[in-house]
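J.: Predicted model, plus sequence, below.
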Amino acid sequence: MPVDVDIPELGESVSEVTVLEWLRADGDYVDKDEPICTLATDKANVDLPAPSAGLLRQLKKVDDTLSVGDVLAQIEEGAAPAGDGNGATVQDAPAVEVAAEEAEPAAVEDSADVTDLSSLSPAVRRLVEENGLDPSQIEGTGRGGRLIKQDVLAVLKEQERDARDQATASPATEPAPAVARSAPAPAAPIEPAPPPAPVEAFAPKPKPAPAPVAAAPAPTADGTRREPMSRIRKRIAQRLTDAQRTAAMLTTFNEVDLSQVMALRKRHKERFQEKHGVSLGLMSFFSRATIIALQDIPAVNASVEDEDIVYHDYVNLGIAVSSERGLMVPIVRHAHDLSMAGIEGEIKRLALAARDNKLTLDELSGGTFTITNGGVFGSMMSTPILTPPQTGILGARLSNA
């Protein structure tokens, strides 16, 4: 009897997800707890594990939007792996061995890419092969540095942008290679002039791949392009707009003399690094000062929930981090119990996780107060927006010390 793969509860305020990538193909044999797909939520990307072992039957496609409780796929328990040539039974241990053997043919098809291609999901592998890309040259942003669909699409967009620049500079000679990359099979040229020799252009090409041409009409010389917002960016925009509309926000500006802090940091920076293994930055000073202030003024370390004000006896400090996927606010939990070194270590860990797309939903939920440091971008003054349902946020800006 097939087992339904449902969209589980993924944390507070997460009600919808988008199928970002299938990690296993339809009909693949999967083990229990093996990741089968990546879901994009409003806060982070999450790998969904198989609830049981068996054959995977996909019921949804990439980019489909689902709600919590919807059925994403089914697992046919007891079914033998497809292509079993050694008569293995349906017991757990032989099934694992057969699944491993199944993966080997895909890995030896191209000896040049045996390591890279065998580790890619079906969707990513198809994109890479169709466009003649070298996966080892593409930086992966998936969990554990895995290459995901968005990484490949970003490279293709960059190549397309380069091709447009070259076409603008020398339209008589440059567009022909770009046409060759637009279609995987011989076909009549679909690009307007100036490509002069479409037949030769569609001849097989060696491994290095020219830039592909998107199906959409080429943009104007002004460089205008359009791309859909990710679910995370849309959610960030929605939450910040809601905060501006529903909260009576007030921003006050104060100038602080950091000369003694900078002198202290300079004096102890090297010894701090040697002793604790992390650098002594300004965020630990800002964090400790914030924690003391929140303990003195509990109303700022609170949340508004419906018609209630919830006061917190602990400090879960949100640290705003800019990433390629948008603004992330990972949480330093129980920051009031951490030393300066503990705060620096946790901020570093969370920042690296945000950069590598490894933040979990738990690490992005439950903050009681937020610090955002626009000074790293050279900003001298701005009005930070509250992170609902929090009641306060600190914006640190450019220091002249």
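T.: Looks like it arrived, so ask away. Residues are numbered from 1 along each chain as shown.
J.: so what are the domain limits for this protein?
T.: 2-108, 231-396 (automatic domain parsing).
J.: Residue 131 is nearest to which of those domains?
T.: Checking the domains of the chain against residue 131 by Cβ to Cβ gives domain 2-108 as the closest, at 16.6 Å. Where C-beta positions appear, they are placed from N, C-alpha and C, glycine not excepted.
J.: shaky segments in the stretch 151-300 of the chain?
T.: Within the stretch 151-300 of the chain, the stretches with pLDDT under 70 are 167-221.
J.: Please enumerate the helices of it.
T.: Taking DSSP state H, counting those that start in this stretch as the test, the helices found in the stretch 151-300 of the chain are 175-180, 198-201, 231-246, 259-276, 282-296.
J.: so what secondary structure elements neighbour the fourth one?
T.: In terms of contacts (3 or more Cβ pairs under 8 Å, 6 or more residues apart in numbering; DSSP states H and E), helix 259-276 is packed against helix 282-296, helix 340-355.
J.: Other residues contacting the next helix-or-strand element following the last one?
T.: Think helix 340-355. On the C-terminal side of helix 340-355, the closest following helix or strand by DSSP states H and E is strand 369-373. Strand 369-373 is contacted from outside by 282-283, 286-287, 290, 294, 300-301, 315-320, 329, 384, 386-387, 390, 392-397, using Cβ atoms under 8 Å, 6 or more residues apart in numbering.
J.: Show the pLDDT at the nearest residue to residue 300 once chain neighbours are set aside.
T.: Ranked by Cβ to Cβ, 6 or more residues apart in numbering and with sequence neighbours excluded, the top spatial neighbour of residue 300 is residue 392, at 4.0 Å. The predicted structure scores residue 392 at 94 on the pLDDT scale.
J.: got the contact list for residue 392?
T.: Taking Cβ under 8 Å, 6+ apart, one finds 300-301, 369-370, 386 in contact with residue 392.
J.: Also residue 291?
T.: Counted by Cβ under 8 Å, 6+ apart, residue 291 has contacts 315, 317, 335-336.
J.: coming back round to it: tabulate the domains of the chain (a markdown table), appending distance to residue 140.
T.: Compiled in a markdown table, the domains of the chain are given as follows (distance: least, Cβ to Cβ, whole Å):
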| stretch | distance to residue 140 |
| --- | --- |
| domain 2-108 | 12 |
| domain 231-396 | 9 |
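J.: I figured residue 319 hits residue 350, correct?
T.: Yes. Residue 319 lies in contact with residue 350 (Cβ atoms under 8 Å); the separation is 6.6 Å.
J.: what do the two both touch?
T.: When contacts are counted by Cβ under 8 Å, 6+ apart, residue 319 and residue 350 are jointly contacted by 330-332.
J.: quick revisit: would you report which members of the contacts of strand 369-373 are assigned to helices?
T.: Taking DSSP state H as the definition of helices, the contacts of strand 369-373 contribute 282-283, 286-287, 290, 294.
J.: residues of stretch 40-58 that come out buried?
T.: 40-48, 50-51, 53-56, 58 (16 or more other Cβ atoms under 10 Å).
J.: Identify the residues contacting stretch 357-367?
T.: 10-14, 41, 43-46, 141-144, 316-318, 323, 325, 328-331, 333, 350, 352-353, 387, 390.
J.: quick revisit: could you identify the most distant pair in the contacts of residue 392?
T.: 301 and 386 (13.3 Å).
J.: The two: which is more packed in?
T.: Each of residue 301 and residue 386 has its neighbours counted (other Cβ atoms under 10 Å); residue 301 has more, 25 against 19.
J.: Would you check how far apart that one and residue 330 are?
T.: Taking Cβ to Cβ, to the nearest Å as the measure, residue 301 falls 18 Å from residue 330.
J.: Is it possible to get a markdown table of the ones in helices among the contacts of strand 369-373 that adds neighbour count?
T.: Formatted as a markdown table, the ones in helices among the contacts of strand 369-373 follow (neighbours: other Cβ atoms under 10 Å):
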| residue | neighbour count |
| --- | --- |
| 282 | 17 |
| 283 | 22 |
| 286 | 20 |
| 287 | 26 |
| 290 | 23 |
| 294 | 23 |
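J.: For residue 130, state which of the residues you listed is nearest.
T.: Distances from residue 130 to the ones in helices among the contacts of strand 369-373, taken by Cβ to Cβ, are shortest for residue 283, at 44.2 Å.
J.: surely that closest one meets residue 340?
T.: No. Using Cβ under 8 Å, residue 283 makes no contact with residue 340, being 9.9 Å away.
J.: Quick check: neighbours shared by the two?
T.: With Cβ under 8 Å, 6+ apart, residue 283 and residue 340 have no common neighbours.
J.: Next, give phi and psi for the residue nearest the centre of the chain.
T.: Note on the chain: the residue nearest the mean C-alpha position is residue 357, at 4.4 Å, using Cα atoms, centre = their mean. The phi/psi pair for residue 357 (degrees, to the nearest 10) reads phi 60, psi 40.
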